[in-house]
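J.: following is a predicted model, sequence given first.
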Amino acid sequence: MLDFCFDIIDGIVACFTRNLSWNAVISTYWFLFVIEFPRYYLIELCIAIWHKITYRSRARKQAVARMKLYIENPLITILAPGKNEGKHIYKLVKSLNEQTYRNYEIIIVDDGSDDATPLICRDLEKAGYIDLYLRSDIRGGKASAANFGAHYAKGKYIVHLDADSSLDRDAIEKILIPFYYDSKIKAVGGCVKVRNSGETLCTSMQALEYLKTIQVGRMVTNKLGIYHIISGAFGAFEREKLMQIGMWDIGPGLDGDITQKIRKSGDKVYFAEDAICMTNVPTEWHALFKQRQRWSKSLIRFRLRKHFDILMPHKHFSFLNWISNMENLLFDCIFNYLWLFYIISLVFMHTDKLIEIFIVGWLIRYCFSLVAFGVIMLVSERASEEKRLMPYLFFSTFYTGYFLRLTRLLAHTKELFFFSSYKDPWNPKKTSDLAQIEGI
Amino acid sequence: MSYNYQIKVTPRGRNILIVRGLVLLDSIDAIKTEDFDAIYIEDYGQSHSELAYQLQSMSSISGMKSHLKPRFLAATLKPRVHQLKPLVDGFAATPDDEKMGERIEEICNRLALIDLFDISEVKTNNYVYFLKLCKHAISRGQYTFTTSLEEAYAQGHTALFVAKQDSMISNMKAEFVRFNQTLRELGYAERKKFEDRIHVCPHCKGSHLYYMEACPKCDSSRLKEEPVLHHFRCANISPESSYAYDGELRCPKCHQMLRHIGVDYDRPANVYTCQECNHTFLHTRMKVYCASCKKTSRPSELLAQDIYSYEFTTEGLQALSSNDALLAVSKDIWAGYSRFDSFLSQIRLFSYSHDKNEVVLINRFKVEGAEVNRENIMHFVNDLQKRYHYHNLSYNYHYIFMAAKVQSSRMDTLKKQMEEEYGELLKIVELRNSGIKLAEQDFLYQYEEEKIDDFIKRISKNQ
């Protein structure tokens, strides 16, 4: 056994000393260097540095917009649709009570809960903690619940929240500010972070992932003008615009869909990386697997099928929208299949040196993830607290490089060939069936 | 000369007064109390109102000569009786009806055991009236009083005694309740069975309550309820009216037609919208409006009240059959307005029964002015009644009397207090601006060794 380990170490050392030149390394790990590094590390690093450099001008712009917000002080609606979320509502309401922005109404929509949610919500409504409690006796799905609430919203902006999320004290204020940067901005996404990080390895890995793909990733896509998903957990919309685009359509993946609809209508969406919302993520791998399958399917369902027109030349063609969707499709879907091809080819080409190749690959990725972590530390508002996630970088190759990639690959394949998102029990069958017939 | 009444002797030897027209018994000298045992009213085509007047004038309670005597109506009058049924003992086709004869016999036998009041001496005042009710019930063999829902009774249920006997009851609710309490305290009646638990107004204890749905925000009842439609295809969910198009249901979002409930759409909720403040909500808030005191409360604020049925105890039956109960019960019936004759009777009763340390202090006002009429005076008396809950008030010939029971040692204090408050009373009169004035105030009380008859004379001397 020991001999075997020494052989491997010798092999790795050999890789770096004699056997592999830089050219050989790049030709073996071309996928990492040609596809992953430029997109996920280089661009992000450059933009994060730019973000840091432009801090002062951004702060000035934000201060002016903040002043405009408080001068107008519009009524906003905080909308939290959900099923069986009663136990979270009090905590949510309490966290809203702490907000710096005070002019809001709270609408809770109960989508046919079968637990104590109605009792809890009615009590909270009576006690004046929530302004309106709406309940569908028959479950209609997340989209219908959100639409139900939005229909009765009175606020100028609707902030859509997941009932189990909680907000930083200034999150509402921060998510509203971008509306005052530019009148074309009709929707703003908030930054979602993991509240239960550290609970299990699974949640800690997700905490790292959220920081990388949401706080940094979306900040970057936002800067590039190709920001394409406003999280369902925390997003703000101009009510009038929402009405205009017919509010939410059937999910899963309705948050990405509504962002597409707003972009298609010619308006802008914005990502507020400093409007922080915390949410609980799955603690078990199988639950995470299921969640990611659901999320991933929406890429095929919405970007490739429903909003395919964005990719085609037409009267209202927008290059940014084209890039936005193309980037998403390429990096999240097509390159996954390419990656599969790459792995298979590696296996066949270097059958005898697989373990060494794997370990060197991990080492390279680890170096990349150190860069990414540096970027996170540059961007995050609570960098000192998030520093403790650094040891988990060790596992990031396995998590993002293999687990998530394989999950996505499987989901995309299932959706491409079997339309499996329409069979997802996340939505009631009556709505999914019709959505499939209509191709939405 | 034809009479519209006739006295007929039945085979059982009872005299029945047969009435064939509008007869006011108490004003016909020719008929004496002892001349007849029962009354039978024939159908001579009288209307309901005439019948009502006739029955009330010769009621078992308020009529003098007809006091407690059984009364029957011709069977054909039955449809015209309506709510006056409690005033009647039964119906019979002819005065010779066998069943009627039996019933008369039964009642008369019971009456023989009951001491009748000497009607010429004791005028009807509140407590006598209540006792008469008791006697009436006993004479009819009714010892148990099943409380029942009563439209006219403020608390919804009758307490001890049947309230609909006479409209008079509603004017002396408070005393009636106190009378019932006294009966229980004296052990004359006892709770028999739990009947019901009702909820009454927390302000006035009335049970004539309206339950109304209201907006949780502004409390208005001007609400609009509308079902909400969920269109499955596009997840649109909005009120039904937003779907209404040319007699069809068409989705306002995707413009598709809604054809089949459960397949295309469903109705997951009903939403209320307040027409006053535009607030939307799923659950209305209930409010309760009291018809008696016109105040609004929340259902949770209502007071729960247990309703029991009652029964006379043996002791009670004995006391009520004789006149023993009179003094015992009348002690507590004091406050409120009573007619002047009742007022004097109460003073007299008090002097017989009171504790030697207690005296009655009568505060007397002379009323003057251009518009001294009964209506104006009664308004003023009402004001006084609100202010002086524990006084017995009366009015007679330009004089208002306010009698209060007071400890002898505190009499001077009360006198002083009343003198001080006289100024305020003058203001009340002035504010009312009804054309009356208070001319003078004086105080009367029974001196030591003074006979009650002399005191009564003194009270009514200046009349």
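T.: Yep, it's here.

J.: quick one: the strands in the stretch 1-150 of chain B?
T.: For the stretch 1-150 of chain B, the strands defined by DSSP state E, counting those that start in this stretch cover B:5-9, B:15-19, B:38-41, B:71-74, B:90-92, B:144-145.

J.: deepest in the core, which of these is it.
T.: Mean neighbours per residue, mean count of other Cβ atoms under 10 Å in any protein chain shown, is largest over the strands of the stretch 1-150 of chain B for strand B:38-41, with a mean of 25. (C-beta placed from N, C-alpha, C; glycine too.)

J.: run me through the strand neighbours of that one, direction for each.
T.: For strand B:38-41, the paired strands and their directions (DSSP bridges) read strand B:15-19 (parallel), strand B:71-74 (parallel).

J.: avg pLDDT for the longest one?
T.: The pLDDT scores in strand B:15-19 average 90.

J.: try the last one
T.: Looking at strand B:71-74 alone, the average pLDDT works out to 90.

J.: C-alpha coordinates for it, CSV please?
T.: Taking C-alpha atoms only, strand B:71-74 is exported to CSV below (Å, rounded to 0.1, in the frame of the first residue of the first chain):
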residue,chain,number,x,y,z
ARG,B,71,-111.2,33.2,31.2
PHE,B,72,-112.1,31.3,28.1
LEU,B,73,-112.7,32.3,24.5
ALA,B,74,-115.1,31.0,21.9
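
J.: near chain A, which residues of chain B?
T.: Residues of chain B found near chain A (Cβ under 8 Å from any Cβ of the partner chain) are B:216, B:228, B:230, B:232-239, B:253-254, B:262-264, B:266, B:268-269, B:271, B:280-283, B:285.

J.: give me the buried subset of these.
T.: B:216, B:228, B:230, B:232-239, B:253, B:264, B:266, B:268-269, B:271, B:280-282 (16 or more other Cβ atoms under 10 Å in any protein chain shown).

J.: and the helices in chain B, which stretches?
T.: B:48-57, B:78-81, B:98-111, B:126-139, B:173-185, B:314-321, B:324-330, B:340-353, B:374-387, B:411-432, B:452-459 (DSSP state H).

J.: next: the stretch 251-400 of chain A.
T.: For the stretch 251-400 of chain A, helices defined by DSSP state H, counting those that start in this stretch occupy the ranges A:254-264, A:285-298, A:319-329, A:335-349, A:354-379, A:383-386, A:396.

J.: out of the ones you listed, nearest to chain B?
T.: Among those, helix A:254-264 comes nearest to chain B, with 8.2 Å by Cβ to the nearest Cβ.

J.: would you single out the least confident of the helices of chain B?
T.: Among the helices of chain B, helix B:324-330 carries the lowest mean pLDDT (a mean of 63).

J.: follow-up on the earlier one: got TSV for the helices of the stretch 251-400 of chain A, with mean pLDDT too?
T.: TSV is the format used below for these (pLDDT from 0 to 100):
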stretch	mean pLDDT
helix A:254-264	91
helix A:285-298	92
helix A:319-329	90
helix A:335-349	90
helix A:354-379	90
helix A:383-386	90
helix A:396	89
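
J.: now render the ones you listed as CSV, adding distance to chain B.
T.: Listed next are these as CSV, based on distance: least, Cβ to the nearest Cβ, whole Å:
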stretch, distance to chain B
helix A:254-264, 8
helix A:285-298, 15
helix A:319-329, 22
helix A:335-349, 30
helix A:354-379, 35
helix A:383-386, 37
helix A:396, 37
